[in-house]
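A.B. asks: Here you go, sequence then predicted model.
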Amino acid sequence: MRGIITVSEGLQNAMELSRVRFVLTRTSHPGNIGSAARAIRTMGFRQLSLVSPAEFPHIQAHMMAAGADDVLAAAARFDSMQEAIGDCSLVLGATARLRGVALEELTPATAARRVIDAVAGGRNVALVFGNEQSGLSNDEISLCHAAVHIPSDPTYSSLNLSQAVQVVAYELRMAYLEGIPSRQGNADPPSTAAELEGFFEHLAKTLHDIDFHKGRSERTVMQRLRRLFLRATPDQRELRVLRGILADVQRMASLARRD
């Protein structure tokens with residue numbers, strides 16, 4: 001039997017749900033933005049971020065929102081996905097298929113449990129959906145920790161953008177209603193996407209400084225290292241240790257060049 005939810009518990013739950021944002025990148029039709037707003041609002045979510053939408057604000061978006069105007073009014077707009085997910089420490093990209101990017105694939109239900117675990121631990125989470133025709137680009141997918149794949153009928157897998165948003169939002173709500181897991185009170189804050197990108201830039205420069213690649217593909221090496229560290233999800237303290245190691249490597253490389 002579910003107990004009575006107190007006012008403080010309700011506020012805590014609302015704060016945790018507010019850590020989940022739905023990010024739509026390069027949306028071509030404003031009606032799909034409105035439909036997506038309606039989809040997340042019916043499941044208790046309100047955070048919508050838009051990356052370079054073709055048309056917004058637009059009357060069609062408000063018509064398709066069917067009353068979820070508060071979600072549209074509060075929607076944040078960004079020029080790049082990196083900006084939209086900068087303060088998030090878990091980024092999941094919804095995609096029908098992965099093209100040349102090796103990334104863990106999750107079902108919506110599995111992804112939902114991971115998201116609820118993350119927000120219960122105080123982490124911000126982004127669920128990213130790509131353009132209606134082309135989906136997420138490889139560069140956008142490379143910014144994600146894992147992919148969310150809806151196991152639709154392979155002979156007819158054509159899901160509308162807002163339908164995909166609705167499926168994921170529904171699974172999130174079901175996982176949330178099953179109960180918030182225990183919180184980790186003493187855990188170090190998780191690294192955000194922006195902090196990880198700063199680390200990757202530092203790592204790439206360090207590898208260049210020590211001439212690590214020696215003619216090999218720098219892009220391939222960095223893709224593999226990105227997957228490794230995204231999978232490991234280092235917290236902020238661990239990331240500081242790693243960057244401290246890189247700084248010492250760069251210092252020693254500089255001394256060696258001088259000698």
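C.D. replies: The structure has been received and is ready for your questions.
A.B. asks: quick one: Ser49 is in a strand?
C.D. replies: Yes. Under DSSP: H, G, I helix; E, B strand; the rest coil, Ser49 falls within a strand.
A.B. asks: quick one: the residue nearest to Pro30 when sequence neighbours are not counted and Ala75, what's the gap?
C.D. replies: Closest residue to Pro30 apart from its sequence neighbours, by Cβ to Cβ, 6 or more residues apart in numbering: His58 at 3.5 Å. C-beta here means a position set from N, CA and C on the backbone, and glycine is covered the same way. Taking Cβ to Cβ, to the nearest Å as the measure, His58 falls 12 Å from Ala75.
A.B. asks: residues shared between the contacts of those two?
C.D. replies: Shared contacts of His58 and Ala75, defined by Cβ atoms under 8 Å, 6 or more residues apart in numbering, comprise Ile33.
A.B. asks: who has more neighbours, these two?
C.D. replies: Ala75 (22 against 17; other Cβ atoms under 10 Å).
A.B. asks: Tell me the pLDDT of the most centrally placed residue in the chain.
C.D. replies: In the chain, the residue lying closest to the centroid (Cα atoms, centre = their mean) is Val91, at 1.9 Å. With respect to pLDDT, Val91 scores 97.
A.B. asks: and what of the one 4 residues further on?
C.D. replies: For Thr95, the model assigns a pLDDT of 89.
A.B. asks: so it touches Gly130, yeah?
C.D. replies: Yes. Look at Thr95 against Gly130 with Cβ atoms under 8 Å: they come within range, at 7.0 Å.
A.B. asks: what touches both of those two?
C.D. replies: Contacts common to Thr95 and Gly130, judged by Cβ under 8 Å, 6+ apart, are Leu136.
A.B. asks: ok so the residue nearest to the centre of the chain is a strand residue?
C.D. replies: Yes. Val91 forms part of a strand when assessed by three-state DSSP.
A.B. asks: in the sheet, who's paired with it?
C.D. replies: Ala126 (DSSP bridges).
A.B. asks: is it true that Val23 touches Met81?
C.D. replies: Yes. Assessed by Cβ under 8 Å, Val23 is found in contact with Met81 at 7.0 Å.
A.B. asks: which residues are in contact with both of these two?
C.D. replies: Shared contacts of Val23 and Met81, counting by Cβ under 8 Å, 6+ apart, come down to 51, 128.
A.B. asks: Let me see the confidence value for Val7.
C.D. replies: Taking Val7 on its own, its pLDDT is 39.
A.B. asks: swap in Arg216?
C.D. replies: pLDDT, read off for Arg216, is 82.
A.B. asks: And the one 4 residues further on, by the same measure?
C.D. replies: As predicted, Thr220 sits at a pLDDT of 91.
A.B. asks: Mind listing residues that contact the helix or strand harbouring it?
C.D. replies: Here Thr220 sits within helix 218-232, counting by DSSP states H and E. The contact list for helix 218-232, computed with Cβ under 8 Å, 6+ apart, reads 101-104, 142, 144-145, 196, 199-200, 203-204, 207-208, 212-213.
A.B. asks: ok, 7 Å please
C.D. replies: By Cβ atoms under 7 Å, 6 or more residues apart in numbering, the residues outside helix 218-232 that reach it are 102, 142, 145, 196, 200, 203-204, 213.
A.B. asks: can you pull out the strands in the stretch 101-250 of the chain?
C.D. replies: 105-106, 125-129, 146-148 (DSSP state E, counting those that start in this stretch).
A.B. asks: Please work out which of those is packed deepest.
C.D. replies: strand 125-129 (a mean of 26; mean count of other Cβ atoms under 10 Å).
A.B. asks: and the helix holding Thr220, how far from the chain's centre?
C.D. replies: 17 Å (Cα atoms, centre = their mean, to the nearest Å).
A.B. asks: Then stretch 147-155?
C.D. replies: 19 Å.
A.B. asks: Span of that stretch from start to end?
C.D. replies: 21 Å (Cα to Cα, to the nearest Å).
A.B. asks: what comes up buried for it?
C.D. replies: Within stretch 147-155, the residues that count as buried by 16 or more other Cβ atoms under 10 Å are 147-150.
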